[in-house]
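Here you go, sequence then predicted model.
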Protein chains: 2
Amino acid sequence: MTDAAVSRHPGDASPLGDAFHVFDTTLRDGAQREGINLSVADKLTIARHLDDFGVGFIEGGWPGANPRDTEFFRRAREEIDFRHASLVAFGATRRAGVAAADDPQVRALVDAEAPVVTVVAKSHDRHVELALRTTLEENLEMVRDTVEYLRSAGRRVFVDCEHFFDGYLGNPEYAKQVVRTAHEAGAEVVILCDTNGGMLPARVQAVVRTVLADTGARLGVHAQDDTGCAVANTLAAVDAGATHVQCTANGYGERVGNADLFSVVAALELKYGMRVLPEGALRETTRISHAIAEVVNLTPSTHQPYVGVSAFAHKAGLHASAIKVDPDLYQHIDPERVGNRLRMLVSDMAGRASIELKGRELGIDLGDDRELVGRIVERVKERELRGYSYEAADASFELLLREEVEGRPQSFFTTESWRAIVEDRPDGSHANEATVKLWAKGERIVATAEGNGPVNALDRALRVALERIYPELAQMELVDYKVRILAGTHGTESTTRVLVSTGDGGGEWSTVGVADNVIAASWQALVDAYAYGLLRAGVEPMG
Amino acid sequence: MTDAAVSRHPGDASPLGDAFHVFDTTLRDGAQREGINLSVADKLTIARHLDDFGVGFIEGGWPGANPRDTEFFRRAREEIDFRHASLVAFGATRRAGVAAADDPQVRALVDAEAPVVTVVAKSHDRHVELALRTTLEENLEMVRDTVEYLRSAGRRVFVDCEHFFDGYLGNPEYAKQVVRTAHEAGAEVVILCDTNGGMLPARVQAVVRTVLADTGARLGVHAQDDTGCAVANTLAAVDAGATHVQCTANGYGERVGNADLFSVVAALELKYGMRVLPEGALRETTRISHAIAEVVNLTPSTHQPYVGVSAFAHKAGLHASAIKVDPDLYQHIDPERVGNRLRMLVSDMAGRASIELKGRELGIDLGDDRELVGRIVERVKERELRGYSYEAADASFELLLREEVEGRPQSFFTTESWRAIVEDRPDGSHANEATVKLWAKGERIVATAEGNGPVNALDRALRVALERIYPELAQMELVDYKVRILAGTHGTESTTRVLVSTGDGGGEWSTVGVADNVIAASWQALVDAYAYGLLRAGVEPMG
């Protein structure tokens, strides 16, 4: 470790100053979420997104505790040129009875060469005695010694007081003593953690206020979401004087999760009027939220505050007619401020006003043709009854709309038949083969292709059959594929809905198929996907 | 409408008294959630669940506004014998310039024969002028007239002040005037609604406190979740003196959603120490939350506070070793109080302590055999790298565990090969056929079956092949089937993970399969599902 290596992190001097810290712990605490398993490459990608978003601190993991985190710190130093964030190494206070300088776990924190170290300390007396199995006095000594050692190594030090609120309720004097010890030893911020997530805002606010008055330490907050109040608890701590908030992207974290970075930051910027991100960063909120969901391989929550695709979606007929008058009456912020958008949903609850608005959104004027709108409403209702859902399949809805408006099918070929075969061989390998028989531009085409699954084989056979006639297909690529099994008593006997997202480099669109089996539903969604793509490319439908 | 019909609702006299109202609006406001589309039968089923849970009021819909809701009120009266809840009809104040008694929409509220009516009123001056297009005075008159008319028809009346908080910020005097008018006209409770969901707890608390002091009306709260603070906002209103909370099951609702009934009730009972549900009902929370998710056909949120399967799940190695000492140190409540349970997750982050605890949870003693535990950890790591996830597939994990503990495969047959064919015919119908070639108890079995999809056909062929040898299979039935596409650049070329839930009347278990295509992954999950089911049934594996 050299000072030069450490000072290479430009994040030390945030353009926003040091008065308020947005501290992200997605890579450490967020990774505890059930279902998340991050590679080093994933962590580097997420760190880049968080730095783009403009958080002040990125807690990267626990170097020394597992090889993946050690590797992450090495590569982050070498590969990422942080513009806003300081990298933070996480670790624990030294073991009982050993000097911090001699504890390999503490030394690994220094070796990570991150400019900031967060040290987790026990502040709940029962945890000290039952989990740590040491004395209350030795625990204080562990805090003091560890902080002083890390300070002497040139690190900024933050101390996470684990289980602080629970501990404070049982033994407030001891809990405060831990804060004082950390503060006096040189910790820049002492973070009060609701580790079990059981707190509610009123108590958080009262405790933070008292601890601030009684210790004089700079305080932060780390809230878990077990009561569904992590965002509110974080804001309550800020109300009480905390100037450092620990969050995770999309609220990822153990059990229910942590305080969601995006909700907290949006509230601070848009509701409190604080500047906590670089200029213009807030407009990237939705994009970055979804990009991180992509990396951790979780479907973005459709109903997440601010960034969910449903967050500014309206389907009530009651609202739809009034939204035409003035959208600001029906949304708490302009969705563009967080990079999201107003959406009108097509649904049998919505009726004519919504269909008209949706048409307008898609650039199709439905004018005052009440009969046309009525016909579309009927067709949507009938298809929704059969399991279709156009809410997440704009392109299939637009095809339906255009068919009714133009009075002819928006199709580029007709299907005679298709077949898919999946075979498991004695050696354990699989063969997937599909054959399609189509008519396009007066020509009958038969094509067969293999794939690594039956839908992939069908997709390839379709392309083989059509690419000569429609070379535009070569630009298109499936980017997402979702299967939903609809109601039914037996799991594999139900109706299946498939949603497919397709891209052509310039944009993405979603289509839907519904059938009694996954292959047939996928076929429908693929046919719509390519029809819409060809329309986008300016190709004239067959009629 | 007769008085007898109305008084048939026993919920009028809640055993908990009238001092605090738990008011559910899943069937009205919750149904606005994107993706929810409730039939009358669905609504009746949900109403029964909510009554079982013990809420005081169930808002059933808007009679007259659509035939489905009218039908719901008729059938609910005839078919449900409410034990705890009063049924509530929702509607709006009368139109401008028409007496309430002459407004068909208001009369439909009376005709619904529910003992309680909620009337939505405008309290935001701009909404009155721009959306309602009437004068502020006429709006007050509409509130007064509608409430008095419904009172004279013998109904209890609650008034929802739409957009109250936004309105209050712009014109507090007018907003309060609406509350006073409703109160003086005979409304029992006036509900302050954060319709756009943009509020934070501190402001909600301050506004509720002031309005309560200035109007003397009994106040309720209705919070949307657009800032992620709906639960906290609801509790903040209670802190300020509101004695009526409007919630929806699982927080379903328009855009981001509403305040979650289960989180609010759990906080009131477990954190505030209030009695708001009948004795013992809180232990049904998880079951009822999941049952309602089932009816609305949404996957229960794994990370929902209190009721999510992850809500009391631990995977951190750090915690796992300490949880062995004392689980209460690591959870904010005993999960059994809300009908949930502590779970240890198997994951490559967890290490030995978790595997041992998981073994104990499954009733398999891994004792102090460090080599055995190490072997299991290695195998889990290797499989998770390939895309397996045992967190949601306990049965597959238990099979793996037993194989290592007993040193032999837990299998009941060996697969020679299988094949599935899906064919789309020119008439639009589909044929699905599967053939399996197996060995069981020294016998080679070839079986072919048709199904309504390729996986269903495979499932049936497997049963045809094996039911003679293992008659226990007849009891087993697939109850859920989920497909997850894992990372990959092209949508249909990725690794596929299939999770299957199977039941035998006495219980359910989950298994996992991972392969390059959905059929092969389904096959693996099915093989595990039947192997586990046969073990459960006491059948001895082949070796």
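On my side now, so go ahead.

so where's the stretch 1-150 of chain A uncertain?
Across the stretch 1-150 of chain A, the ranges flagged by pLDDT under 70 are A:1-15.

so where do the helices sit in it?
Applying DSSP state H, counting those that start in this stretch to the stretch 1-150 of chain A gives helices spanning A:3-7, A:40-53, A:67-79, A:104-111, A:125-127, A:136-152.

Any idea which of those gets closest to chain B?
Shortest distance between chain B and the helices of the stretch 1-150 of chain A, using CB to the nearest CB, is found for helix A:125-127: 5.9 Å. In this view, the C-beta of every residue, glycine as well, is placed from N, C-alpha and C.

of all the helices of the stretch 1-150 of chain A, which lies closest to residue B:243?
Comparing the helices of the stretch 1-150 of chain A by their distance to residue B:243 (CB to CB), the top pick is helix A:125-127, with 36.2 Å.

by contact count, what packs against the closest one?
When contacts are defined as 3 or more CB pairs under 8 Å, 6 or more residues apart in numbering or on different chains; DSSP states H and E, helix A:125-127 sits against helix A:164-170.

Contacts only, for the residue nearest to residue A:167 when sequence neighbours are not counted.
Leaving out its chain neighbours, the residue that sits closest to residue A:167 by CB to CB, 6 or more residues apart in numbering or on different chains is residue A:124, at 2.9 Å. By CB atoms under 8 Å, 6 or more residues apart in numbering or on different chains, the residues touching residue A:124 are A:162, A:163, A:164, A:166, A:167, A:170, A:171, A:175, B:329.

Not counting its neighbours along the chain, what's nearest the closest residue to chain B within the stretch 301-450 of chain A?
Nearest residue of the stretch 301-450 of chain A to chain B: residue A:332, at 2.6 Å (CB to the nearest CB). The shortest distance from residue A:332 to any non-neighbouring residue, by CB to CB, 6+ apart, is to residue B:198 (2.6 Å).

give me every residue that touches residue A:522.
Applying CB under 8 Å, 6+ apart, one finds that residue A:522 lies in contact with A:455, A:458, A:481, A:498, A:500, A:513, B:492.

let's go with 6 Å and repeat that
Going by CB atoms under 6 Å, 6 or more residues apart in numbering or on different chains, residue A:522 touches A:455, A:498.

if I look at it, how far off is residue B:48?
From residue A:522 across to residue B:48, the span is 37 Å (CB to CB, to the nearest Å).

ditto for residue A:452
47 Å.

do residue A:505 as well
Between residue A:505 and residue B:48 the computed distance is 52 Å (CB to CB).

More neighbours: these two, which one.
Using other CB atoms under 10 Å in any protein chain shown, the more surrounded residue of residue A:505 and residue B:48 is residue B:48, with 20 against 8.

List the buried residues of stretch A:464-482.
For stretch A:464-482, the neighbour count (16 or more other CB atoms under 10 Å in any protein chain shown) marks A:464-466, A:469-470, A:472-473, A:476-482 as buried.

I meant stretch A:298-314, not that one.
Neighbour counts over stretch A:298-314 (16+ other CB under 10 Å) mark A:300-314 as buried.

Just grab the bridge partners of residue A:450 for me.
According to DSSP bridges, the partner residues bridging residue A:450 are residue A:433.

circling back: so which of the buried residues of stretch A:298-314 sit within strands?
Secondary structure from DSSP state E places A:313, A:314 of the buried residues of stretch A:298-314 in strands.

after the helix or strand containing residue A:203, next one along is what?
If you go by DSSP states H and E, residue A:203 is part of helix A:201-215. Downstream of helix A:201-215, the first helix or strand assigned by DSSP H and E is strand A:219-223.

Now do the phi/psi pair for the residue nearest to residue A:167.
The phi/psi pair for residue A:124 (degrees, to the nearest 10) reads phi -100, psi 120.

just residue A:443 next, same as before
Main-chain torsions, residue A:443, degrees, to the nearest 10: phi -110, psi 140.

if we look at the sheet, which residues does it bridge to?
Bridge pairing for residue A:443 - DSSP bridges - gives residue A:440.

any idea how far it lies from residue A:449?
Plainly put, residue A:443 is 18 Å away from residue A:449 if you go by CB to CB.

just residue A:376 next, same as before
Taking CB to CB as the measure, residue A:376 and residue A:449 are separated by 36 Å.

how about stretch A:118-134 as CSV, C-alpha atoms only?
Output of stretch A:118-134 as CSV, limited to C-alpha atoms (Å, rounded to 0.1, in the frame of the first residue of the first chain):
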residue,chain,number,x,y,z
THR,A,118,-16.2,1.2,7.3
VAL,A,119,-15.8,-0.8,10.5
VAL,A,120,-18.8,-2.6,11.9
ALA,A,121,-18.9,-2.5,15.7
LYS,A,122,-21.2,-4.1,18.3
SER,A,123,-23.3,-1.5,20.2
HIS,A,124,-25.9,-3.8,21.7
ASP,A,125,-24.8,-5.2,25.0
ARG,A,126,-26.4,-8.6,24.6
HIS,A,127,-24.7,-9.0,21.2
VAL,A,128,-21.3,-8.2,22.7
GLU,A,129,-21.9,-10.8,25.4
LEU,A,130,-23.7,-13.6,23.5
ALA,A,131,-22.5,-13.3,19.9
LEU,A,132,-19.0,-11.7,20.4
ARG,A,133,-18.5,-13.4,23.8
THR,A,134,-16.4,-10.7,25.2
